[in-house]
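# I need the structure of the sequence given here:
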Amino acid sequence: MRKLNLTNTAFFLFAAILLCSFAAAEQKTGPSASSVLSESERFFDLKIPDGFNAEATDEPGILKWRKDGGEIYLAVGESMSDSPEKFFDAIRKAAEKNNRFEEVKVLRLKGGRGLLCKEKAPDDPGRARSWRILVVAHKKTLILDFTATAKEFNSFIPAFEEAVKSLKLKSPS
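Numbers count the residues shown, from 1 in each chain. Take a look at the predicted model:
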(Lines give C-alpha, C1' and ligand atoms only; values in the text may rest on other atoms or scores of the structure.)
Protein backbone atom coordinates (compact mmCIF):
# COMPACT_ATOMS: atom_id res chain seq x y z
CA MET A 1 0.00 0.00 0.00
CA ARG A 2 2.82 2.41 0.80
CA LYS A 3 4.42 1.79 -2.61
CA LEU A 4 1.11 2.58 -4.33
CA ASN A 5 0.71 5.85 -2.41
CA LEU A 6 4.30 6.79 -3.17
CA THR A 7 3.81 6.06 -6.86
CA ASN A 8 0.57 8.08 -6.99
CA THR A 9 2.25 10.94 -5.18
CA ALA A 10 5.16 10.81 -7.63
CA PHE A 11 2.77 10.91 -10.60
CA PHE A 12 0.92 13.98 -9.39
CA LEU A 13 4.11 15.66 -8.16
CA PHE A 14 5.61 15.19 -11.61
CA ALA A 15 2.56 16.70 -13.31
CA ALA A 16 2.55 19.69 -10.94
CA ILE A 17 6.26 20.29 -11.39
CA LEU A 18 5.98 20.04 -15.16
CA LEU A 19 3.02 22.37 -15.38
CA CYS A 20 4.59 24.94 -13.06
CA SER A 21 8.26 24.92 -13.86
CA PHE A 22 9.12 23.67 -17.33
CA ALA A 23 9.86 26.89 -19.14
CA ALA A 24 10.44 26.45 -22.81
CA ALA A 25 9.31 30.00 -23.58
CA GLU A 26 7.44 32.69 -21.71
CA GLN A 27 4.29 33.86 -23.44
CA LYS A 28 2.42 37.01 -22.44
CA THR A 29 -0.01 37.32 -25.35
CA GLY A 30 -1.40 35.13 -28.10
CA PRO A 31 0.47 31.87 -27.50
CA SER A 32 0.36 29.18 -30.14
CA ALA A 33 1.45 25.56 -30.09
CA SER A 34 4.37 26.47 -32.32
CA SER A 35 5.61 29.08 -29.85
CA VAL A 36 6.39 26.55 -27.11
CA LEU A 37 9.50 25.50 -28.99
CA SER A 38 11.11 26.91 -32.06
CA GLU A 39 9.88 25.25 -35.24
CA SER A 40 13.09 23.23 -35.56
CA GLU A 41 12.76 21.92 -31.97
CA ARG A 42 9.02 21.24 -31.96
CA PHE A 43 8.47 17.50 -31.86
CA PHE A 44 4.68 17.47 -32.14
CA ASP A 45 1.75 18.86 -34.09
CA LEU A 46 -1.57 19.66 -32.45
CA LYS A 47 -4.74 21.21 -33.85
CA ILE A 48 -6.51 23.44 -31.35
CA PRO A 49 -10.27 23.03 -31.88
CA ASP A 50 -12.26 25.84 -33.51
CA GLY A 51 -13.49 28.52 -31.14
CA PHE A 52 -10.70 28.08 -28.58
CA ASN A 53 -8.78 31.33 -28.29
CA ALA A 54 -5.25 31.74 -26.98
CA GLU A 55 -4.88 33.45 -23.61
CA ALA A 56 -1.83 34.72 -21.80
CA THR A 57 -0.61 32.84 -18.73
CA ASP A 58 1.58 33.96 -15.88
CA GLU A 59 3.62 30.76 -16.06
CA PRO A 60 6.54 30.51 -18.47
CA GLY A 61 6.35 27.61 -20.91
CA ILE A 62 2.62 27.01 -20.40
CA LEU A 63 0.14 27.79 -23.13
CA LYS A 64 -3.60 28.14 -22.65
CA TRP A 65 -6.65 28.25 -24.90
CA ARG A 66 -10.22 28.92 -23.74
CA LYS A 67 -13.71 28.63 -25.16
CA ASP A 68 -16.44 29.60 -22.73
CA GLY A 69 -15.89 27.26 -19.73
CA GLY A 70 -13.53 24.87 -21.54
CA GLU A 71 -9.76 25.19 -21.31
CA ILE A 72 -6.77 23.51 -22.93
CA TYR A 73 -3.32 23.79 -21.35
CA LEU A 74 -0.05 22.68 -22.91
CA ALA A 75 3.37 22.44 -21.26
CA VAL A 76 6.61 21.19 -22.78
CA GLY A 77 9.91 20.54 -21.07
CA GLU A 78 13.02 18.44 -20.99
CA SER A 79 12.58 14.79 -20.02
CA MET A 80 13.32 14.23 -16.34
CA SER A 81 14.47 10.67 -16.84
CA ASP A 82 17.44 8.93 -18.40
CA SER A 83 15.11 6.03 -19.12
CA PRO A 84 11.95 7.41 -20.81
CA GLU A 85 10.39 3.94 -21.22
CA LYS A 86 10.73 3.09 -17.52
CA PHE A 87 9.46 6.54 -16.57
CA PHE A 88 6.44 6.24 -18.91
CA ASP A 89 5.62 2.75 -17.62
CA ALA A 90 5.83 3.89 -13.98
CA ILE A 91 3.44 6.78 -14.65
CA ARG A 92 1.07 4.46 -16.57
CA LYS A 93 0.99 1.91 -13.75
CA ALA A 94 0.36 4.62 -11.14
CA ALA A 95 -2.48 6.08 -13.20
CA GLU A 96 -4.06 2.64 -13.76
CA LYS A 97 -4.14 2.05 -10.00
CA ASN A 98 -5.57 5.48 -9.23
CA ASN A 99 -9.34 5.33 -8.72
CA ARG A 100 -9.60 9.00 -9.75
CA PHE A 101 -9.50 7.97 -13.42
CA GLU A 102 -12.31 6.29 -15.33
CA GLU A 103 -10.00 5.43 -18.22
CA VAL A 104 -6.25 5.20 -18.72
CA LYS A 105 -5.27 4.55 -22.30
CA VAL A 106 -1.92 4.30 -24.07
CA LEU A 107 -1.99 6.32 -27.30
CA ARG A 108 0.10 4.83 -30.08
CA LEU A 109 1.76 7.75 -31.79
CA LYS A 110 4.23 7.47 -34.63
CA GLY A 111 7.59 8.01 -32.94
CA GLY A 112 6.40 7.46 -29.38
CA ARG A 113 3.58 6.84 -26.96
CA GLY A 114 1.15 9.03 -25.11
CA LEU A 115 -0.83 8.33 -21.98
CA LEU A 116 -4.42 9.59 -21.87
CA CYS A 117 -5.95 9.74 -18.39
CA LYS A 118 -9.65 10.57 -18.19
CA GLU A 119 -10.87 11.68 -14.78
CA LYS A 120 -14.16 10.45 -13.39
CA ALA A 121 -16.86 13.07 -13.10
CA PRO A 122 -16.85 14.60 -9.61
CA ASP A 123 -20.05 14.58 -7.54
CA ASP A 124 -20.09 18.39 -7.48
CA PRO A 125 -21.06 19.68 -10.96
CA GLY A 126 -19.18 22.92 -10.29
CA ARG A 127 -15.83 21.17 -9.83
CA ALA A 128 -13.34 20.78 -12.64
CA ARG A 129 -13.02 17.59 -14.63
CA SER A 130 -10.03 16.89 -16.89
CA TRP A 131 -8.47 14.66 -19.45
CA ARG A 132 -4.67 14.66 -19.39
CA ILE A 133 -2.15 13.46 -21.93
CA LEU A 134 1.49 12.76 -21.11
CA VAL A 135 3.94 12.23 -23.96
CA VAL A 136 7.62 11.40 -23.51
CA ALA A 137 9.54 11.52 -26.79
CA HIS A 138 12.74 12.94 -28.26
CA LYS A 139 14.13 13.70 -24.76
CA LYS A 140 11.14 16.00 -24.17
CA THR A 141 7.96 15.74 -22.15
CA LEU A 142 4.60 17.14 -23.21
CA ILE A 143 1.53 17.48 -21.02
CA LEU A 144 -1.87 18.45 -22.39
CA ASP A 145 -4.76 19.19 -20.07
CA PHE A 146 -8.37 19.45 -21.28
CA THR A 147 -10.59 20.91 -18.55
CA ALA A 148 -14.13 22.14 -17.93
CA THR A 149 -16.55 22.03 -15.04
CA ALA A 150 -18.24 18.67 -14.61
CA LYS A 151 -21.54 20.33 -15.54
CA GLU A 152 -20.18 21.54 -18.90
CA PHE A 153 -17.60 18.84 -19.62
CA ASN A 154 -19.74 16.63 -21.88
CA SER A 155 -20.41 19.55 -24.23
CA PHE A 156 -16.63 19.89 -24.77
CA ILE A 157 -15.92 16.20 -25.38
CA PRO A 158 -16.16 16.45 -29.21
CA ALA A 159 -13.65 19.33 -29.27
CA PHE A 160 -11.33 17.59 -26.81
CA GLU A 161 -11.50 14.35 -28.83
CA GLU A 162 -10.67 16.31 -31.99
CA ALA A 163 -7.53 17.71 -30.34
CA VAL A 164 -6.51 14.28 -28.99
CA LYS A 165 -6.88 12.71 -32.45
CA SER A 166 -4.85 15.51 -34.04
CA LEU A 167 -1.79 14.99 -31.81
CA LYS A 168 1.11 13.78 -33.94
CA LEU A 169 4.79 13.40 -33.15
CA LYS A 170 7.35 14.57 -35.64
CA SER A 171 10.55 12.73 -36.46
CA PRO A 172 13.60 14.29 -34.82
CA SER A 173 15.58 16.48 -37.21
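# could you use CA atoms for every contact and neighbour count after this?
Noted.
# helix or strand for the most centrally placed residue in the chain, which one?
The residue lying closest to the centre of the chain (C-alpha atoms, centre = their mean) is Leu144, at 2.0 Å. Secondary structure from DSSP states H and E places Leu144 in strand 140-149.
# would you confirm that the residue nearest to the centre of the chain contacts Arg132?
Yes - under the criterion of C-alpha atoms under 8 Å, Leu144 makes contact with Arg132 at 5.6 Å.
# what sits in contact with each of these two?
With contacts defined as C-alpha atoms under 8 Å, 6 or more residues apart in numbering, no residue is shared by Leu144 and Arg132.
# about what we covered before: partner residues bridging the residue nearest to the centre of the chain?
Each beta-bridge partner of Leu144 is listed here: Leu74, Ile133, as defined by DSSP bridges.
# now it: how far from Pro125?
As judged by C-alpha to C-alpha, to the nearest Å, Leu144 and Pro125 stand 22 Å apart.
# still on that earlier bit, quick one: residues contacting the residue nearest to the centre of the chain.
So Leu144 contacts Ile72, Tyr73, Leu74, Ala75, Arg132, Ile133, Leu134 (C-alpha under 8 Å, 6+ apart).
# closest to Arg100 among those residues?
Each of the contacts of Leu144 was scored against Arg100 by C-alpha to C-alpha, and Arg132 proved nearest at 12.2 Å.
# what's the closest non-adjacent residue to the closest one?
Excluding the flanking residues, the one nearest Arg132 by C-alpha to C-alpha, 6 or more residues apart in numbering is Asp145, at 4.6 Å.
# that neighbour: what's it in contact with?
Counting by C-alpha under 8 Å, 6+ apart, Asp145 makes contact with Glu71, Ile72, Tyr73, Leu74, Ser130, Trp131, Arg132, Ile133.
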